[in-house]
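Novice: my questions are about this predicted structure, shown below with the sequence.
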Amino acid sequence: MTVLVECSPTKIHHSRRLSTVSTIKSDEKNPVIISSEYVYKSTQRLVNLNEDGIKTASKYIHSRMSDTSYAPSTWRTQPLHFIPPVPPLTSAAVDAYLSQPVVKRTLDWIFFISAMNFSFWSDRGGEERYGVAWYEDGWAAASAEEYTGYWSLPAATNRALSRGIPITSPVFLSNPSLCPDSVIEQLFAPSREEGSKDVETIPLLAERIKVLRRVSEVLCTRFNGSYLGLIEEWKTRYGENRTALQLVHMVVEEFIDFRDEVVWRGKKVMFLKRAQILLAETWAAFHPLPTQTNTPHPIFPNGIGQLTMFADYRVPQILYILGIIDYAPEILEQLKSGQLLPHGSESEVAIRAASILAVERVKEAIADIHGAGASNDEVTSVLIDFFLWDLAKDVEAGDVALGESRKIPPVHRTRSIWY
Ligand SMILES: Nc1nc2c(c(CN[C@H]3C=C[C@H](O)[C@@H]3O)cn2[C@@H]2O[C@H](COP(=O)(O)O)[C@@H](O)[C@H]2O)c(=O)[nH]1
């Protein structure tokens, strides 16, 4: 079944300048770093940065990134990702490039994934764990593989798209008569024994439906029905000198479901995991290939160097294993016993803040190894984060051994729509 989705004239308005938003200076410090420094002061006794560990692990990370040629365009090689056409060689060709329908479709795919990129850890595990089967090379492939954790999300999304359901289209998603809740429930259906009570469904399904409805409504009413419209608004507002941080601010102002912040000891602190990973995935997907030297980025001509890592539940685990962060015994006990850490609790904010600062420190240590001459965009927290997340998955799967490293603790268990 192919469902054709047209922009409904009553729903779609041309994106317009926002009147209420303050202008963000291009050299502003990322509020996520300011927040993390504030939290770290009072929570360092629980999760601490390990100076020696940072030095040793940074050398390892740097050499493994070089040995494996880990680059922004590694994103394009990951089998479940929706890949846009190779970026053009000159800025003069960027407008024509961005006007291709496949570019808009890729951007909407990335937005959809980033809106839903939270809480995949299982309450059960083993045979009953939520998973989605998908054929890596499309339906023609001989056999399907079952994906769990984060990868179940792109697998479920691609499965729906291959069935002709335009699930990543904001116009479709914002219209309950075209796309009733049952279509979204079906999107996330576990593949093993579909409908069986014994199989876990995706965590926070009802919240996912609400988030999808709200974000797609905003895209339709304010940004011409697509994430591309938001990017165009950012370009119009800030021009050639636009920064990634300005776009993060716009995302957070426009979409309450991207406002990953809590009040900690009387102050608002921001972690902004999904807002930042939205930009990072966009940057990586559209990044010129390693062979395209001196090619401008078609969307982020000024890079994403201001962004931090994305404070999730997987990267802290690898930071601990690599000896970059230390946990107090009470945190280790909470992880090992599988205790739920409520969103905004002391242990949870401690883990998130220290992880953000830890990756900043690794970035500085790697920049020192590179020495003068390394460009700003060469060593970024975004790329280190992607590398660490992939490494965490490889270590968990037993595909990479880390020698003398610490034992793998369970991830911290916080149920929330933020990560
Ligand atoms: N910090 C950070 N967190 C990330 C990702 C990704 C996937 N990104 C893709 C794009 C580039 C990368 O190379 C990946 O191909 C998912 N997550 C988070 O992990 C958790 C799920 O974990 P598990 O249950 O074990 O699958 C959950 O909080 C989810 O939000 C990332 O990159 N960085």
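Specialist: Good, I have the coordinates. Numbers count the residues shown, from 1 in each chain.
Novice: spell out which residues of the stretch 201-350 of the chain are next to the ligand.
Specialist: Glu281, Met309, Phe310, Asp312, Tyr313, Arg314, Val315 (Cβ under 6 Å from any ligand atom). C-betas here are computed from N, CA, C, even on glycine.
Novice: tally up the residues packed near the closest residue to the ligand within the stretch 1-150 of the chain, please.
Specialist: Nearest to the ligand, among the residues of the stretch 1-150 of the chain, is Gly149, at 2.4 Å (Cβ to the nearest ligand atom). When counting by other Cβ atoms under 10 Å, one arrives at 16 neighbours for Gly149.
Novice: farthest-separated two in the residues of the stretch 201-350 of the chain next to the ligand?
Specialist: The largest separation in these, counting by Cβ to Cβ, is between Glu281 and Tyr313 at 18.0 Å.
Novice: element containing the residue nearest the centre of the chain?
Specialist: Closest residue to the average C-alpha location of the chain: Ile277 at 3.2 Å, with Cα atoms, centre = their mean. In this structure, Ile277 is located in helix 273-285 according to DSSP states H and E.
Novice: just checking, what packs against that helix?
Specialist: helix 101-116, helix 244-254, helix 381-396 (3 or more Cβ pairs under 8 Å, 6 or more residues apart in numbering; DSSP states H and E).
Novice: list the strands paired with whichever helix or strand comes after the first one, with their directions.
Specialist: In this case it means helix 101-116. Downstream of helix 101-116, the first helix or strand assigned by DSSP H and E is strand 132-134. Strand pairing for strand 132-134, using DSSP bridges, gives strand 145-147 (antiparallel).
Novice: okay, buried residues for the partner strand please.
Specialist: Going by neighbour count (16 or more other Cβ atoms under 10 Å), the buried part of strand 145-147 is Tyr147.
Novice: circling back: need the helices and strands packed on helix 273-285 in a markdown table (columns: mean neighbour count).
Specialist: Shown next, in a markdown table, are these (neighbours: other Cβ atoms under 10 Å):
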| stretch | mean neighbour count |
| --- | --- |
| helix 101-116 | 21 |
| helix 244-254 | 22 |
| helix 381-396 | 21 |
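Novice: mean pLDDT added to these, as JSON lines?
Specialist: Output for these, formatted as JSON lines (pLDDT from 0 to 100):
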{"stretch": "helix 101-116", "mean pLDDT": "98"}
{"stretch": "helix 244-254", "mean pLDDT": "98"}
{"stretch": "helix 381-396", "mean pLDDT": "97"}
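Novice: list the contacts of Asn50.
Specialist: Gly323, Ile324, Ile325, Asp326 (Cβ atoms under 8 Å, 6 or more residues apart in numbering).
Novice: what do you get for Asp198?
Specialist: Residues in contact with Asp198 (Cβ under 8 Å, 6+ apart) are Glu128.
Novice: average pLDDT for the longest helix along the chain, rounded please.
Specialist: In the chain, taking DSSP state H as the definition, the longest helix is helix 346-370. Taken as a whole, helix 346-370 has a mean pLDDT of 97.
Novice: got the angle between that helix and helix 381-396?
Specialist: Here the directions of helix 346-370 and helix 381-396 differ by 110 degrees (axes from the mean of the first three to the mean of the last three Cα atoms, to 10 degrees).
Novice: which strands and helices sit next to helix 346-370?
Specialist: Contacts defined by 3+ Cβ pairs under 8 Å, 6+ apart place helix 346-370 against helix 31-43, strand 47-49, helix 51-67, helix 315-321, strand 325-327, helix 329-337, helix 381-396.
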